[in-house]
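Novice: Predicted model and sequence follow; I will ask about them next.
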Protein chains: 2
Amino acid sequence: MSVRRVGILGGMGPAATADFYTKLIRATPAGRDQEHLPVVIWADPRVPDRSAALLDGGEDPTPVLRRGVAELVRSGCEVLAVPCNTAHAFLAEAIGDAAIDLVSIVEAAAGDAQRAGITKAGLLATAGTAASGLHAEALAVRGVGVELPTEAEQQAVTAVIAAVKAGTVDTEVRSALLAVVDALAARGADGVISACTEVILALDGTAPSLPVIDPAVSLATQVVAAATSPPRANYLRSIG
Amino acid sequence: MSVRRVGILGGMGPAATADFYTKLIRATPAGRDQEHLPVVIWADPRVPDRSAALLDGGEDPTPVLRRGVAELVRSGCEVLAVPCNTAHAFLAEAIGDAAIDLVSIVEAAAGDAQRAGITKAGLLATAGTAASGLHAEALAVRGVGVELPTEAEQQAVTAVIAAVKAGTVDTEVRSALLAVVDALAARGADGVISACTEVILALDGTAPSLPVIDPAVSLATQVVAAATSPPRANYLRSIG
């Protein structure tokens, strides 16, 4: 099998990157080391906060992301995965005309939501991702509606994400997250996209009231497909 | 805090690399993304089998390892971690005079065994690692003895490692591994070094009869220390 080297632009956050790499390994049909994909991970956690840039005029993360993309291209990567939903708002500019195929976590998750028969997806994400409208747009193209958290609910989700990044998730944090899922269900959502890799880590071991799409799993599946496919003409940038 | 970029030469196997990255993140004192270490992971799972090279005259993995080290140096990495015990038999040659500090998983584990008060360490490793004598040497320097598995026990350990790499660990595989630990204890071992990152994954959720040193945790702790320290004079190659 001829495979293309996969570049993972990570570190946003580190735990989400390790989680995605684990899911990529699980998604790869391999019986021994040598059958797995060649992967380079560039994890510079010092990328400026993505949500702050989208919401509060914080420092633009694009230059640091662009440098990471360039490093991965230089290392021979032809397929790009970015296991951070919020970063996707900056990727078109960060990638520019670099010769690498982005597999979009946003498109991958929306495709899985549609295939799962979800008609209205609750969105658990950073405030920045929710405000960017990226997921709503990708879902709308597929005829799937979106239910966003209220401002108070969003604050609860944001607190959960910060707790995962700080390694301080506990029962209380998890309960607050499950209450948001219940509220989204009460407003008509029949599924949830946990569009922030930290949210999935917080849901681990819980039993939410709605089916949950894990974009990291969606991305892993599509990355395996892209790595074992020839390059797209003109390096079309979004596969998902 | 001034930190040095960490290069992880991984993919041997991929699951062990993801496991080590997770442990490195946990070992890092950080409350938010930006406080984590900058990391580059070069994971080329197509490195020729290390045990086969040590035992059966299989293809020499050194050139592929050397290429990975060079990629990490080119990416600006100054500290090198290789989460594969067996690969350490080839590292002196693979690193050559590259300007990067290796944190040795073998030295790190031996140091932790000594600090834990172990006087005779059972060794759960690949056949290649056991035959290389790397761990026995590092332990002997610290006054710690070694108890190796018998040939039949080693075959059981080898089967466990292959099962983890193939993703087919089950209760039977785990029981066989625990039986080897019991046998080592009966022969006087008062602790075990699970000197193959796959063995630790197989032990997950079990209750072995001896305390277990996880070299990936030992390595993670020492890597955090090395990344936050200045370079060694003349790039001394082994820290642990």
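Specialist: Right, received. Where do you want to start?
Novice: okay, CA-based contacts and neighbour counts for the rest of this
Specialist: OK.
Novice: May I ask you to confirm that residue A:176 is in contact with residue A:156?
Specialist: Yes. Judged on CA atoms under 8 Å, residue A:176 makes contact with residue A:156 at a distance of 6.5 Å.
Novice: quick one, domains of chain A?
Specialist: What the record gives for chain A is the domain set A:6-104+A:216-238, A:107-214, from automatic domain parsing.
Novice: Include mean neighbour count, mean pLDDT and distance to chain B when you put the ones you listed into a markdown table, please.
Specialist: A markdown table is the format used below for the domains of chain A (neighbours: other CA atoms under 10 Å in any protein chain shown; pLDDT from 0 to 100; distance: least, CA to the nearest CA, whole Å):
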| stretch | mean neighbour count | mean pLDDT | distance to chain B |
| --- | --- | --- | --- |
| domain A:6-104+A:216-238 | 21 | 91 | 4 |
| domain A:107-214 | 19 | 94 | 4 |
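Novice: For residue B:46, find the nearest of these.
Specialist: Closest of these to residue B:46 is domain A:6-104+A:216-238, at 4.4 Å (criterion: CA to CA).
Novice: can I get the domains of chain A in a markdown table with distance to residue B:89?
Specialist: Formatted as a markdown table, the domains of chain A follow (distance: least, CA to CA, whole Å):
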| stretch | distance to residue B:89 |
| --- | --- |
| domain A:6-104+A:216-238 | 18 |
| domain A:107-214 | 35 |
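Novice: Residue A:8: what secondary structure?
Specialist: Following DSSP: H, G, I helix; E, B strand; the rest coil, the label given to residue A:8 is strand.
Novice: can you tell me which residues contact it?
Specialist: A:39, A:40, A:41, A:42, A:43, A:72, A:80, A:81, A:82, A:83 (CA atoms under 8 Å, 6 or more residues apart in numbering or on different chains).
Novice: Verify the contact between the last one and residue A:14 for me.
Specialist: No. Counting by CA under 8 Å, residue A:83 does not reach residue A:14; the two are 9.7 Å apart.
Novice: okay, and the common contacts of these two?
Specialist: Here residue A:83 and residue A:14 share no contacting residue, scored by CA under 8 Å, 6+ apart.
Novice: Now do the helices in chain A.
Specialist: Listed in chain order, the helices found in chain A under DSSP state H are A:14-27, A:50-56, A:62-74, A:91-95, A:105-115, A:127-132, A:134-141, A:151-166, A:171-186, A:197-203, A:215-227.
Novice: would you turn these into TSV with distance to residue B:129?
Specialist: Formatted as TSV, those follow (distance: least, CA to CA, whole Å):
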stretch	distance to residue B:129
helix A:14-27	24
helix A:50-56	44
helix A:62-74	32
helix A:91-95	43
helix A:105-115	39
helix A:127-132	47
helix A:134-141	48
helix A:151-166	36
helix A:171-186	42
helix A:197-203	34
helix A:215-227	32
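Novice: Please state the offset of stretch A:171-182 from the chain centre?
Specialist: Its chain's average C-alpha position is 21 Å from that of stretch A:171-182, according to CA atoms, centre = their mean, to the nearest Å.
Novice: Now tell me what touches that stretch from outside.
Specialist: Counting by CA under 8 Å, 6+ apart, A:122, A:149, A:153, A:156-157, A:159-160, A:163, A:192, A:202-203, A:206, A:208-210 sit against stretch A:171-182.
Novice: of all the contacts of residue A:8, which two lie farthest apart?
Specialist: Of all pairs drawn from the contacts of residue A:8, the greatest distance, 14.5 Å, lies between A:72 and A:83 (CA to CA).
Novice: is it true that residue A:60 touches residue A:51?
Specialist: No. Look at residue A:60 against residue A:51 with CA under 8 Å: they stay out of range, at 10.1 Å.
Novice: List the residues that contact the closest residue to residue A:124 other than its chain neighbours.
Specialist: Using CA to CA, 6 or more residues apart in numbering or on different chains and skipping residues adjacent in sequence, the residue nearest residue A:124 is residue A:194, 4.7 Å away. For residue A:194, the contact set (CA under 8 Å, 6+ apart) comprises A:123, A:124, A:125, A:200, A:212, A:213, A:214, A:215.
Novice: residue contacts, the residue lying closest to residue A:94 once chain neighbours are set aside?
Specialist: Once flanking residues are discounted, residue A:94 sits nearest to residue A:66: 4.4 Å by CA to CA, 6+ apart. Listed by CA under 8 Å, 6+ apart, the contact set of residue A:66 reads A:93, A:94, A:95.
Novice: Can I get those in JSON lines including distance to residue A:183?
Specialist: Below are the contacts of residue A:66 laid out as JSON lines (distance: CA to CA, whole Å):
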{"residue": "A:93", "distance to residue A:183": "36"}
{"residue": "A:94", "distance to residue A:183": "36"}
{"residue": "A:95", "distance to residue A:183": "37"}
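Novice: Which of those residues sits closest to residue A:34?
Specialist: Nearest to residue A:34, judged by CA to CA, of these is residue A:95 at 29.8 Å.
Novice: from the chain's centre, how far out does stretch A:77-88 sit?
Specialist: Chain-centre distance of stretch A:77-88: 8 Å, with CA atoms, centre = their mean.
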